[in-house]
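Asks: please find the sequence and the predicted model below.
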Amino acid sequence: QKEVEQDPGPLSVPEGAIVSLNCTYSNSAFQYFMWYRQYSRKGPELLMYTYSSGNKEDGRFTAQVDKSSKYISLFIRDSQPSDSATYLCAMSGSSASKIIFGSGTRLSIRP
Amino acid sequence: EADIYQTPRYLVIGTGKKITLECSQTMGHDKMYWYQQDPGMELHLIHYSYGVNSTEKGDLSSESTVSRIRTEHFPLTLESARPSHTSQYLCASSESRFGAGGYTGELFFGEGSRLTVL
């Protein structure tokens, strides 16, 4: 069993829709939860991070962590074509030295 | 914008050749990493370094080797390339520390080196 599971998609939604991306994990020691965005032919870049459980909002993006269910989500409101990318969840323990990535969900926003 | 650079971006090479993928960062980060990424698959850590003269193998077994003689430079070498080495290789760096502002272990990635071995 993989430590982090992520639906690879692809996910295609119309512009303006609310997008929900999710990951599940098995290691209860994970404390830092991150979302990276990767555009085609580019390296991933950090979009958001959350420590422990709870919500974090940044503009149109909201990250949620439910440690009791070992489930994290990223919501994108008012989605734009420029949001089309692969979104990778990532997580690490208290030392933050070892980061485990999900396989990424490919998202396409249709104009 | 992250100041981490990888060369070459694309490389097509024959079996048995020796190749070196270059990675340099100008942020003074102590930690550097090499990940392997195949389409639709998660990033796999193949090597990491926490400072000069410090290198460790990652979770995914790899026939490649790395060196860290200077803080800013972390090259990856394959002595004899094979078709199974065909993949995208991503270099990253970080300054993992925990301050009052919270998590600062952000990974800064280069744009990747796409290797094809014929």
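Replies: Thanks, I have the structure now.
Asks: for B:S49, what are its contacts?
Replies: B:S49 makes contacts with B:31-33, B:55-56, B:66, B:68, B:74, as judged by Cβ atoms under 8 Å, 6 or more residues apart in numbering or on different chains. The way it works is simple: take the backbone N, C-alpha and C, and place the C-beta from them, glycine included.
Asks: also B:K18?
Replies: By Cβ under 8 Å, 6+ apart, the contact set of B:K18 is B:77-81.
Asks: same thing but at 6 Å, please
Replies: Under the criterion of Cβ atoms under 6 Å, 6 or more residues apart in numbering or on different chains, the contact partners of B:K18 comprise B:E79.
Asks: now do A:L21
Replies: Remark: with contacts taken as Cβ under 6 Å, 6+ apart, A:L21 is in contact with A:74, A:87, A:105.
Asks: helix/strand/coil for it?
Replies: Classification of A:L21 by DSSP: H, G, I helix; E, B strand; the rest coil places it in strand.
Asks: beta partners of it?
Replies: Beta-bridge partners of A:L21, counted by DSSP bridges, are A:L74.
Asks: residue closest to the middle of chain B?
Replies: Computing the C-alpha centroid of chain B and ranking residues by Cα atoms, centre = their mean puts B:W34 first, at 2.5 Å.
Asks: for the residue nearest to that one when sequence neighbours are not counted, name its beta-bridge partners.
Replies: Sequence neighbours aside, B:H47 is the residue nearest to B:W34 in space, at 4.4 Å (criterion: Cβ to Cβ, 6 or more residues apart in numbering or on different chains). Judged by DSSP bridges, the bridge partners of B:H47 are B:W34, B:K57.
Asks: burial count for B:H47?
Replies: By the other Cβ atoms under 10 Å in any protein chain shown criterion, the neighbourhood of B:H47 contains 24 residues.
Asks: residue contacts, A:G93?
Replies: For A:G93, the contacting residues are A:29-31, by Cβ under 6 Å, 6+ apart.
Asks: neighbours of the closest residue to A:A17 other than its chain neighbours, just the number please.
Replies: Distances taken as Cβ to Cβ, 6+ apart place A:S79 nearest to A:A17, at 5.3 Å, with adjacent residues excluded. With neighbours defined by other Cβ under 10 Å, the count for A:S79 comes to 21.
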